Structure formats: structure tokens, C-alpha cells
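A.B. asks: Predicted model and sequence follow; I will ask about them next.
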Amino acid sequence: MNEIRKALLFIVCSLLLVISHASSDTLSSCTTDIKSSFVKPKTLIDGILNEIDINESSEDDKDSLAKVYGCCSKTPSSTSTSVQLSQEVIGYMPQFTTEQTLDVLQSSIKAWDSGTGVWPQMSIKQRMNAIENVFQILKKEKREDIVNVLMWEIGKNRKDAESEFDRTIQFVEQLLSVLKDETNIEFNNKWSNVGATKAFIRRAAIGIIMCLGPFNYPLNETYATLIPALLMGNIIILKIPTVGGLVHLLTMEAFAKSLPPGTINFVSGSGRKTMPPLMKSGNIDGLAFIGGSNAADNLIKDHPNPHRLKLFLQLEAKNLGIFLPDLFHGDSKMLDNAIDQAVLGSLNYNGQRCTALKLLFVPKKHAHKFLSKFVLKVDELTIGLPWQKFDSNNKYSQITPLPNKQRVMYMQELISDAMSKGGNIINKDGSAMIGNDENDESTLMVPAVIYPVTKDMKLYHEEQFGPVVPIVTYDDVSEVIEYAKMSKYAQQCAIFTSSTNSQTQKQTSKIIDIFSSIFGKINLNSQCGRSPDILPFSGRRSSALGIMSVMDSLKEFSIPTVVSYKENSFLAGDDSMNEEKIMSSIQDHSLFMQ
């Protein structure tokens, strides 16, 4: 074990062994924060917020609550001096029965009322004011609590947890800005001329939208669909995820204070007990789903009229990092930058991002040079708890615990399969678990770089969604193109090149031309990503259906409605009647047209 890793492991072990005398102020303050901001179980149904007191609950009530375990709770061993990194209960989540779920549906049906409910009949400005109030409350009262929950439940380091909250606020502000933009024909209050026709175009709600968000970005990605849908006048049923769900309990109060009853209802508990009854009812008009394609397919099949179900899906991805041969002949700074981007793209937040680089293609004759540099960078990553700092620059842990043991087991399954077929772990301590005790409870895993990865391995085809980096070599770039053509996934790719001569530039251009009909985004010399949010975020095949961006999200959850009239259509009875005055008066009295 090299000296850097020894030092890192010593820091982690020291923090875990002596909690009461921890030398890190950050650790101590976070421990205090999570206790003071303990997330009590809550429900929000038909505008009524019900907070459940665990201490006063009956045994029957307690049976309807599921324990939520922290991914990085800490317990010093009472039996030995070994390090323990164990999962402890940090909250409780209400478990809805099928009957309770159908009660939620009735609330949503009443709130929608075939499009005539209070929320869908509000003006855009009224809905904007309500949503703005929701996020004013969250900014003032809930930011620190939400950040702490993101750290404790899903292992997101403090910097990334803060970024997720702040980016969500920024996304909402951008949505509101778009709706205020008078140059936007589908959201302003202007009439347009189309020949002899005067037309007023505005987007209106679809109906009852069921939203299911992911565990890795439970606030940002869920609300990137939920909030645009609300602004457009839709009614929302939010299914809280089993992992990463506590953050939604923290937002309920703000919604309850700001929106009419039934506008948004939360459902938690077993997906098998709650989701199929909702879909089978036929009352769900739209599905906003971020997760696995198999689960999405099953939900869609449950709907009795799938042809009228509006779908927005963000699913799996196997994003490629492609290193072109010219990169190894040019400026070494270009190669170093490419490797920095590849490490960040592969292992940021433990690789638990749909936009993460999931498979790296490297020229076979340059593999040794690439691997030596890449592994060195991976071995320099800081490994520890989400709130842990490692230097005077406030650098937080880059590798943190996975959210649960199931994720660890899947990583180990993929690694074992690869190693049984000729693959090797080529970085120091790759796949080792830090903080395990006799119960094998730790989820803090050292990243594993696997080489070589071949076509017969699961890692070649399956999305790992974790700290495992598979590296494939190729003799000719046509092999990479063939993989992209045949893969079931098609979200993004990243092409790394120096483009130092015209021949290289032509090759890069040809790859872009081919990939333009395969991927939703092609990144040049940078990792894959969703930001900036004003750009379209899309995918093809089994990776996505629908476009996520500030503007596109508003369109995804609405349909254009047109009010029009022909010139001189109001003049038959009285030539002195002014059409513009008539339409202006009608518009002034219409909430939809304001």
C-alpha cells in the first residue's frame, strides 16, 4: 500500500474508531446536525400534512413505518479495536397500503376535475407565485437539513449535496424566467398573425402526472420534472423512492403551505403495492420516470390505455469515453487533461450518475501509457465519509459509501465475472471495503479499475452505476463505432482528441457525423454531463424518451392550446365594432390567456 493511501486510511479509521474524540470539527457538527434535524415520518394527502410521532405511535402504526438506514452511520466496535462502518436507523418512511394509495388517487382526481380544478384553472402568474413561495421556504428553512440528509442517506459529499440543492433552486429560477420572457410565443400573452387568422398560443396541462425520481439525485432530477409539470397546471402524484426518500419528507410542508389541496400528493412504500393500482386505474395521464427501463416497461404495460399515456423517461446509459490515437502523440497536457476528465467522469459521486463514463475505449498500442497515468490519478482520490475534509482547501471525500449493501454486492458480482474471464484489478486495493466488521456492513468501497474488459464480460454490456471502471482496448476506431451502433443504450459519449492535423480532424468529424444519429450529446475533450440546464438533455434507444432542459421540460408536460379567429369575423352585425377591443376584453377576463 502506498504512503498516500496509508495516510487516507488512517484518517478514515481514526474518525471511525474514536467518535467521541473526533479531531474533525466537520464530523462533530454533522453528527449534531443530523440529530437535531431528524426527519420525522410525514404524509401529505389532499393538502393535509400529517407528522407521525414515533414515540407516541401504537404498535400497529409502527408496523406501517419502514426504517431508513444511513449509508455511512458510524459505530465504534464494542468488542474489538477493529474499524466499524455500519448502517444505523436515521429515519422512518410511511408504508402506504393499496387502499391508501387509491385514496391519494381520488384526491388527485378531485384536484384535476377533468381540467377544471383550482390549480389547472389558475393563471400562469398565480402558479408561478405559488411555486416561488415553495422554494423561498425551502431556501430559508430547509437547505441545511436537506444537505445533511443527502450526505447521511445516500453518501453524497457535502460539496455535491450543497450543489444539488443550489442547482435545483437555480433550475426553478430559470423556469420562472422563461415563463416571464415576452418573446416566447408559447408562454407570452401576444397574438400572432397567420395569414387572415389571428392566433393566441399557450401551453396547457396534460392531467395527472405520476413522478418517480432516482436515489442518486433525489431532489434535483425529481424536481426537474415535477416543477415544470406543476407550473403547466398538472396535478402530481410523487412516488417517494425507497432509497433517497427522506429528502422529500423535508419538502412536504412547503408544498402544503403554498399549493391548493390535492395539487401534489406523496406516496411512499412498496412499489408493487402502490404503483400498479394507480396505473391500472387508467386515471394517470402522464408518467415522469427516472430509473430502470424494465420498471418503466412494467408500469406502462399496467395502463389500460397506454396510447394516451404521456411519457417522459430518463433510463440507463452506458456512456463511452473514447481516446483517439492522436492524443498520445501530441501535447502531454492534452492527454493529462483527458485523463483528468475521464477519472472525474467515471468516478464523480462514485460513478452513480446516468451521465457517468461507463466504458473507456483506449488504443491497444497506447494502453500501457494510458493505464499508468489513469491508475495514478485514481489512487490519488480521497476516500472517506461525506462530510470529511482532507486538506486546507476544504477538499471533501471524493469516494464515499454506496447507499446500501445491494449496490456493493452488484459491483462485486460484475468484478468477479470480469476476473473469471481474464480481467484484472489494476489499481491499488481496488474493490477493497473500508470499515468492515464481522457483520460485513460497510459500503465504503475503493474504486476498481478493471483491465482488460472483453465482449464476454457483463461489464462490457451492463451499466455498473458504481465505482468500477472498465477499460477496453481497440485496434481500429471502427470497433468503437460498431459498439455504439449495436448497444442498447445511447445517451452520451465523450471523444478525447488533440486534433493536431487535418487527417485527425477529418476522423473526428466522421465519428461525430455517425454518432449524431446515435447519441443525444457528444462531448469533446470533456466528461459527459447534463449541465448547463438550458441545453437539451436527451437520449435514444433504451436511454431516454423525452427532453430535459429548462425550456423543453415545460413543453414535455404540456400541450399547446390555440385560440383563434378570422379577420372581420366580428364585423357582420356592426361595422363599427372593433375586433381588437373585443378580443382584448375577452383576454383580460380569461385566466388562461393572462
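C.D. replies: Looks like it came in fine.
A.B. asks: Domains in this protein, by residue range?
C.D. replies: Following automatic domain parsing, the chain resolves into domains at 44-49+96-314, 319-534.
A.B. asks: looking at those domains, which is closest to Ser549?
C.D. replies: domain 319-534 (6.1 Å; Cβ to Cβ). C-beta coordinates here come from the backbone N, C-alpha and C atoms, glycine included.
A.B. asks: quick one: the strands in the stretch 451-594 of the chain?
C.D. replies: 468-474, 489-490, 492-496, 521-524, 540-541, 544-545, 559-566 (DSSP state E, counting those that start in this stretch).
A.B. asks: ranking these by mean pLDDT, which is last?
C.D. replies: Lowest mean pLDDT within the strands of the stretch 451-594 of the chain: strand 559-566, at a mean of 93.
A.B. asks: Tell me the buried residues in that one?
C.D. replies: 563, 565 (16 or more other Cβ atoms under 10 Å).
A.B. asks: Mind giving me the packing neighbours of that strand?
C.D. replies: On a contact count with 3 or more Cβ pairs under 8 Å, 6 or more residues apart in numbering; DSSP states H and E, strand 559-566 meets strand 197-204.
A.B. asks: neighbouring strands for the next helix or strand after the strand it packs on, and are they parallel or not?
C.D. replies: Sequence-wise, the next helix or strand downstream of strand 197-204 (DSSP states H and E) is strand 208-212. Using DSSP bridges, the strands paired with strand 208-212 in its sheet are strand 235-239 (parallel), strand 286-290 (parallel).
A.B. asks: Columns mean pLDDT on top of the ones you listed, output as CSV?
C.D. replies: Output for those, formatted as CSV (pLDDT from 0 to 100):
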stretch, mean pLDDT
strand 235-239, 98
strand 286-290, 98
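A.B. asks: Go through these and name the closest to Ser509.
C.D. replies: strand 286-290 (33.2 Å).
A.B. asks: returning to that earlier point: and the domains of the chain as a markdown table, adding mean neighbour count?
C.D. replies: A markdown table is the format used below for the domains of the chain (neighbours: other Cβ atoms under 10 Å):
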| stretch | mean neighbour count |
| --- | --- |
| domain 44-49+96-314 | 19 |
| domain 319-534 | 19 |
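A.B. asks: Now Ile322: phi and psi?
C.D. replies: Taking degrees, to the nearest 10, you get phi -110, psi 120 for the backbone angles of Ile322.
A.B. asks: With Lys257 instead?
C.D. replies: Taking degrees, to the nearest 10, you get phi -80, psi -20 for the backbone angles of Lys257.
A.B. asks: And the pLDDT for it?
C.D. replies: 98.
A.B. asks: Same check on the one 10 residues further on?
C.D. replies: As summarised for this prediction, Val267 has a pLDDT of 98.
A.B. asks: same check, this time on the one 5 residues further on
C.D. replies: In this prediction, Arg272 carries a pLDDT score of 91.
A.B. asks: quick one: secondary structure of it?
C.D. replies: helix (DSSP: H, G, I helix; E, B strand; the rest coil).
A.B. asks: all numbers from here: first residue = 8
C.D. replies: In the new numbering, first residue 8, that becomes Arg279.
A.B. asks: how much space is there between it and Thr249?
C.D. replies: Look at Arg279 and Thr249: by Cβ to Cβ, to the nearest Å, they are 11 Å apart.
A.B. asks: can you check Ala491 too?
C.D. replies: Distance from Ala491 to Thr249, by Cβ to Cβ: 33 Å.
A.B. asks: Next: Leu334.
C.D. replies: Separation of Leu334 from Thr249 (Cβ to Cβ): 42 Å.
A.B. asks: Also Gln405?
C.D. replies: 26 Å.
A.B. asks: just Ser524 next, same as before
C.D. replies: Distance from Ser524 to Thr249, by Cβ to Cβ: 37 Å.
A.B. asks: re earlier: can you put the strands of the stretch 458-601 of the chain in TSV and add distance to Gln128?
C.D. replies: What follows is the strands of the stretch 458-601 of the chain, written out as TSV (distance: least, Cβ to Cβ, whole Å):
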stretch	distance to Gln128
strand 475-481	51
strand 496-497	40
strand 499-503	40
strand 528-531	38
strand 547-548	37
strand 551-552	30
strand 566-573	13
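A.B. asks: Quick check: which of the ones you listed is nearest to Lys308?
C.D. replies: With distances scored as Cβ to Cβ, the stretch of those nearest to Lys308 is strand 551-552 (15.0 Å).
A.B. asks: And the closest one, what does it pack against?
C.D. replies: strand 317-321.
A.B. asks: packing partners for the strand it packs on?
C.D. replies: By 3+ Cβ pairs under 8 Å, 6+ apart, strand 317-321 packs against strand 293-297, helix 300-309, strand 551-552.
A.B. asks: Would you format those as CSV with distance to Ile433 included?
C.D. replies: Converted to CSV, the helices and strands packed on strand 317-321 look like this (distance: least, Cβ to Cβ, whole Å):
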stretch, distance to Ile433
strand 293-297, 33
helix 300-309, 31
strand 551-552, 33
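A.B. asks: What angle do strand 499-503 and the helix or strand Leu342 falls within make with each other?
C.D. replies: Assigned by DSSP H and E, Leu342 falls within helix 339-354. Interaxial angle, helix 339-354 versus strand 499-503 (axes from the mean of the first three to the mean of the last three Cα atoms, to 10 degrees): 160 degrees.
A.B. asks: Taking strand 475-481 as reference, get the angle to helix 339-354.
C.D. replies: Going by the same axes, to 10 degrees, helix 339-354 makes 130 degrees with strand 475-481.
A.B. asks: Measure how far helix 339-354 is from the centre of its chain, please.
C.D. replies: 23 Å (Cα atoms, centre = their mean, to the nearest Å).
A.B. asks: do the same with stretch 175-182
C.D. replies: So, by Cα atoms, centre = their mean, the centroid of stretch 175-182 is 15 Å from its chain's centroid.
A.B. asks: which residues in the stretch 308-457 of the chain form helices?
C.D. replies: Assigned by DSSP state H, counting those that start in this stretch, the stretch 308-457 of the chain shows helices spanning 339-354, 374-386, 412-427.
A.B. asks: which residues touch the longest helix along the chain?
C.D. replies: Across the chain, the longest stretch assigned as helix under DSSP state H is helix 165-187. Contacting residues not belonging to helix 165-187 are listed as 33, 37, 131, 135, 138-139, 142, 145-146, 150, 153-155, 157-158, 163, 191, 194, 224, 226-227, 230-231, 234-235, 238, 355-356, 393-394, 403, 538, 540-541, 557-558, 560-561 [Cβ atoms under 8 Å, 6 or more residues apart in numbering].
A.B. asks: I'd like to know which of those are part of helices.
C.D. replies: Reading helices off the contacts of helix 165-187 with DSSP H, I get 33, 37, 131, 135, 138-139, 142, 150, 153-155, 157-158, 227, 230-231, 234-235, 238, 557-558, 560-561.
A.B. asks: Can you list the low-confidence ranges for the protein?
C.D. replies: 8-45, 64-69, 80-94, 399-400, 444-446, 578-584 (pLDDT under 70).
A.B. asks: wouldn't Glu586 be in contact with Ile593 here?
C.D. replies: No. Counting by Cβ atoms under 8 Å, Glu586 stays clear of Ile593, with 10.7 Å between them.
A.B. asks: so who does Glu489 touch?
C.D. replies: Counting by Cβ under 8 Å, 6+ apart, Glu489 has no contacts.
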